[in-house]
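1. For reference, the sequence and a predicted model appear below.
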Amino acid sequence: MKKLGVFAICFSLAGCTSSEFNRVMNKPAPFVNKMFQVPYESKDSLFATGGYSEKELGPDQYKVSFEYRSMNKRAEIEDYLRRRASELCGSTEYQATEFINERRPGGTMVNNVYVPYSHPVLSFEVKCKPKT
């Protein structure tokens, strides 16, 4: 009987602990989200795991892209793209197309095995307005 009482207490405590554990684990810590987000930086910068890039399509016309991770919010990525477009055009005056979702393939070697992956990329085309 004594063992049954101890078992019941342990079982009830385990239930409380696991529900508390689940509650905490289902809500990631803010620093963890920031740790896995791609900040506003050039994709070509040292140690970059993503970031913005641009391709010149013509005079004062660019395709601006941002490679990111799933922890980044869509609105944040759109702001990054607008910021980069403003930097390229020298002002906030430009014409832009709709945002396009793409996936950019990549890969890495893990224990001498090639592991393919792809990153989400959001991009749009920008035409700078002439400066008056």
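-> Alright, I've got the coordinates. Everything numeric in this text was worked out from a predicted model, so none of it was measured.

2. alpha carbons only for contacts and neighbour counts from here, please
-> Noted.

3. Can you report how many residues neighbour Glu102?
-> 14 (other CA atoms under 10 Å).

4. Tell me who's in contact with it.
-> Glu102 makes contacts with 120-123, as judged by CA atoms under 8 Å, 6 or more residues apart in numbering.

5. Kindly recompute the last result at 7 Å.
-> Going by CA atoms under 7 Å, 6 or more residues apart in numbering, Glu102 touches 120-122.

6. low-scoring stretches of the protein, by residue?
-> 1-35, 132 (pLDDT under 70).

7. for it, what's the longest strand?
-> The residue-count maximum for a strand in the chain (DSSP state E) belongs to strand 113-128.

8. Can you tell me what sits against that strand?
-> By CA under 7 Å, 6+ apart, strand 113-128 touches 60-69, 85, 89, 93-109.

9. Generate a PyMOL selection restricted to the buried subset of these.
-> Buried subset of the contacts of strand 113-128, written as a PyMOL selection, criterion 16 or more other CA atoms under 10 Å:
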select buried, resi 61+62+63+64+65+66+67+68+69+85+89+94+96
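
10. Of the contacts of Glu102, select the buried ones using a ChimeraX command.
-> The ChimeraX command for the buried members of the contacts of Glu102 (criterion: 16+ other CA under 10 Å) is given here:
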select :121,122
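
11. Pick the one among the contacts of Glu102 closest to Ala75.
-> For the contacts of Glu102, the residue nearest Ala75 by CA to CA is Leu122; the value is 10.9 Å.

12. in the sheet, who's paired with the closest one?
-> Phe66, Asn101 (DSSP bridges).

13. Same check on Glu56?
-> Residues in beta-bridge contact with Glu56 (DSSP bridges): Tyr62.
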